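1. Have a look at this fold, sequence not included:
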């Protein structure tokens, strides 16, 4: 049996009910995602909410199976609710790889589910905006994705003081480590340490390094690494790092040209957890970094091949609705009128026995594409109906009286007579 | 392992991949559902895609468990992907029944999953528009729902010649059967026979009746039943049927007043399968009835109570996207420009070395809310880029040249010089 309060059912923990006010906020965000994607030249796609289980495990390994809801259908197939959409994207693109014109610029706003323990910013069901460009190796494709990300942040009312896109490069970090003599089988350990460095105090970091077997000699790699940020453009410490630093420089040049550089900072500590990233990587944080990342992404040139397709360059990011919603709410950036809803007209019968006329007016207004409603409860006088009109946030009341029609502007209080509905 | 073709993964049978062209059609339908709902005074809500399993089995009985995808989470909870949204709606309304102003006019466009065998018009994953009014017993609430349904059909380009809302009344049929002496434990059998009557030849129907133990005397009930349609308004054969016939008459009067009567016909054979309907019921069919029902609904006054709430009147309907999509496609009513997508501007560099200027222009156009793209592949001359602009259905090309800017209208071919981007 489900968890009940008294005789009432509840939703499952970590999931959300969207009452109309919540839904309007969700739609406000999703509409902005869609609008920004389209104006940046991305086309929308979607995939089924459940797929074969192994589509997800092949990309991200068996450990992701712990994080997803899986089940078996009556045909004995192992299925799972999608925890991310990128494997489905790769599957769909692979299926038509020879007919789709490239670059493929696609976006999606999937509903995703993960069997996580719910905590702040992390739920078991959420929505995630996904932007991807497939079939283009140039850093211009990465610039397109970062620009689109910033274009949304700007659109929803977040400034460069509120949020930053922190941009790094995974091959740059690897080149730096290899040039410093780190053995291949130690690279993953060092990547994790670099990710940790800005997040823990120096003593704790040293203890961590000692525990992982980092030598005193190797410790200087971290200091040298920090200086990569401070160096002037192109001033690479060695030729292994140089091409990757040049690529980051090129990306920043393009972001400046497109007018969004003030939202972006270099941060080579950003390496992204997933091993499948192969180039430029980035994460979006609120300026104080008090919340989890709002978004994260980068280049992943091997995924299509892993899922049975050809080797084709790909780059993109995902942005969830949960952390974003918390940030917008904390900063008071969700407009009150978004939560409130509205109507163009509320039709009121000022005299009894006019139901037929009311219905005619309601039908006519809606047929013209205007939003209109009336009290179908039929239990209130004109005053009560007017109160309902205000509660519903109607812009105007249409007064239906035995001697004719009138329109009342509910913001100004102004009222005028109408010869007929055509006179609106 | 999943089903593969060569090394390629596939989606699960009965589910759909939405490539951009398919997605634009899906959005075109969903946008119309949303637009029509809002202008009819409904507010959008949504619930999680998975709920406790028993939320679904309590309403519709154990047999629905056969039709849904259920699974157990790591906490041992029995969960299921929603096969319908009405139980979640009832749960949400019950949880706030004392604070929500009535009538509650809500709509939703949920993604639903059913473990069915896929066939024409029936898939394992689909979208369903749901319209509900809770807390209003008057037939005006039913009229609002039927009107909203027709308002959508009209909006999407379906005429009264294409589709019909077939309206019946479950209590009317029950009153007719009881007045004719049918025993209580036989009512369900007779309801099924009445549902079957217009669908099978007379001889087959008689055989069916005989098999079900209907007496010769009782056979006349079916003929009398048919005459209920032909009778003038209010001309009820007996006082048991009279109030229900009067209610149907009132509904049709309101639908006439609202201007949608031509889409509606009386059809008392419509009784809806689910026993939970308690009043007016209706189904929408294409005029030739060659497809499954496009939509179905009616009054269900007991559901909130069954799910632990108070007894509150409710009425509403659901319309899926699958049969609707087949009908629109068969009738050629999906506009070509919906499938095609479009852009406001495609930016083209007519001279080499102008990438920076191109990116400035792209960034500026998008910052103004215009949709704009360019060839980030950088592999084509101006002619090839223009071809790409046409493939992308761009309205205009912005030509970036060493000596200035020009805009070319790609429909008329007209071209004009620009002093700067402000001159657009």
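-> The structure has been received and is ready for your questions. Here the structure is a predicted model, which is why all the values come from computation and not from measurement.

2. For the closest residue to residue A:184 other than its chain neighbours, list the residues it contacts.
-> Using Cβ to Cβ, 6 or more residues apart in numbering or on different chains and skipping the chain neighbours, the partner closest in space to residue A:184 is residue A:178 (8.0 Å). (Each C-beta comes from the backbone N, C-alpha and C, glycine too.) Counting by Cβ atoms under 8 Å, 6 or more residues apart in numbering or on different chains, residue A:178 touches A:184, A:187, A:240.

3. just residue A:197 next, same as before
-> For residue A:197, the residues meeting the contact criterion (Cβ under 8 Å, 6+ apart) are A:205, A:222, A:269.

4. quick revisit: any quick ChimeraX command for the buried ones out of the contacts of residue A:178?
-> Entered in ChimeraX, the line below selects the buried ones among the contacts of residue A:178, by 16 or more other Cβ atoms under 10 Å in any protein chain shown:
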select /A:240
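
5. In helices only, show me the contacts of residue A:178.
-> residue A:187 (DSSP state H).

6. What is the burial count for the one residue in the stretch 51-200 of chain A that gets nearest to chain B?
-> Closest to chain B within the stretch 51-200 of chain A is residue A:52: 3.0 Å, counting by Cβ to the nearest Cβ. As a burial measure, residue A:52 scores 22 neighbours (other Cβ atoms under 10 Å in any protein chain shown).

7. pretty sure it is touching residue B:13, no?
-> No - using Cβ atoms under 8 Å, residue A:52 makes no contact with residue B:13, being 10.8 Å away.

8. which helices and strands does the longest helix along chain A pack with?
-> In chain A, taking DSSP H as the definition, the longest helix is helix A:20-39. In terms of contacts (3 or more Cβ pairs under 8 Å, 6 or more residues apart in numbering or on different chains; DSSP states H and E), helix A:20-39 is packed against strand A:43-44, strand A:104-108, strand A:125-134, helix A:139-155, helix A:321-330, helix A:336-340, strand B:43-44.

9. between these, which one is nearest to residue A:412?
-> helix A:336-340 (17.2 Å; Cβ to Cβ).

10. pLDDT (mean, whole number) over whatever helix or strand residue A:195 lives in?
-> Using DSSP states H and E, residue A:195 sits in helix A:187-196. For helix A:187-196, mean pLDDT rounds to 92.

11. Buried residues, that helix. List them.
-> Buried-residue list, helix A:187-196, by 16+ other Cβ under 10 Å: A:189-191, A:193-195.

12. correct me, but residue A:9 touches residue B:52?
-> Yes - contact criterion Cβ under 8 Å: residue A:9 and residue B:52 qualify, at 6.6 Å.

13. what about the residue nearest to residue A:401 when sequence neighbours are not counted, distance to residue A:358?
-> With Cβ to Cβ, 6+ apart as the criterion, residue A:401 has its nearest non-adjacent residue at 4.4 Å, and that residue is residue A:350. Per Cβ to Cβ, to the nearest Å, residue A:350 is found 10 Å from residue A:358.

14. Pull up the overlap in contacts between those two.
-> What both residue A:350 and residue A:358 touch, as defined by Cβ under 8 Å, 6+ apart, is the set residue A:400.

15. packing partners for the next helix-or-strand element following the helix holding residue A:195?
-> Using DSSP H and E, the helix or strand that follows helix A:187-196 in sequence is helix A:202-211. Helices and strands touching helix A:202-211, by 3+ Cβ pairs under 8 Å, 6+ apart, are helix A:187-196, helix A:216-230.

16. Could you dump those helices into a markdown table with distance to chain B added?
-> Shown next, in a markdown table, are those (distance: least, Cβ to the nearest Cβ, whole Å):
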| stretch | distance to chain B |
| --- | --- |
| helix A:187-196 | 26 |
| helix A:216-230 | 24 |
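
17. Which among the ones you listed is found nearest to residue B:76?
-> helix A:187-196 (33.6 Å).

18. can you give me the angle the closest one makes with helix A:216-230?
-> Here the directions of helix A:187-196 and helix A:216-230 differ by 50 degrees (axes from the mean of the first three to the mean of the last three Cα atoms, to 10 degrees).

19. Tell me which residues are up against helix A:187-196.
-> Contacts with helix A:187-196, where a contact means Cβ under 8 Å, 6+ apart, come from A:170, A:173-174, A:177-178, A:182, A:205, A:208-209, A:212, A:214, A:221-222, A:225, A:268-271, A:273, A:275.

20. which of these are buried?
-> Buried subset of the contacts of helix A:187-196 (neighbour count, 16+ other Cβ under 10 Å): A:170, A:173-174, A:177-178, A:182, A:205, A:209, A:214, A:221-222, A:225, A:268-271.

21. burial of residue A:305, as a residue count?
-> Residue A:305 - counted by other Cβ under 10 Å - has 14 other residues nearby.

22. In a strand, residue A:348, correct?
-> Yes - Residue A:348: assigned to a strand according to DSSP: H, G, I helix; E, B strand; the rest coil.

23. measure it to residue B:101 for me?
-> Distance, residue A:348 to residue B:101, using Cβ to Cβ: 17 Å.

24. what residues are up against the residue nearest the centre of chain A?
-> Most central in chain A under Cα atoms, centre = their mean is residue A:319, positioned 2.9 Å from the mean C-alpha point. By Cβ under 8 Å, 6+ apart, residue A:319 lies in contact with A:33, A:128-129, A:149, A:152, A:284, A:294-295.

25. what stretches of the stretch 201-350 of chain A score poorly on pLDDT?
-> For the stretch 201-350 of chain A, the stretches flagged by pLDDT under 70 are A:230-234, A:274.

26. domains of chain A?
-> Split into domains by automatic domain parsing, chain A comes to A:19-330, A:342-423.

27. related to what we said a few turns ago, which one of residue A:348 and residue B:101 has more residues nearby?
-> Counted by other Cβ under 10 Å, residue A:348 and residue B:101 do not tie: residue A:348 has more neighbours, with 27 against 9.

28. quick one on the thing from earlier: would you mind giving the helices and strands packed on helix A:20-39 as JSON lines with mean neighbour count and distance to residue A:300 added?
-> Formatted as JSON lines, the helices and strands packed on helix A:20-39 follow (neighbours: other Cβ atoms under 10 Å in any protein chain shown; distance: least, Cβ to Cβ, whole Å):
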{"stretch": "strand A:43-44", "mean neighbour count": "20", "distance to residue A:300": "20"}
{"stretch": "strand A:104-108", "mean neighbour count": "24", "distance to residue A:300": "14"}
{"stretch": "strand A:125-134", "mean neighbour count": "23", "distance to residue A:300": "9"}
{"stretch": "helix A:139-155", "mean neighbour count": "24", "distance to residue A:300": "11"}
{"stretch": "helix A:321-330", "mean neighbour count": "19", "distance to residue A:300": "22"}
{"stretch": "helix A:336-340", "mean neighbour count": "11", "distance to residue A:300": "35"}
{"stretch": "strand B:43-44", "mean neighbour count": "20", "distance to residue A:300": "35"}
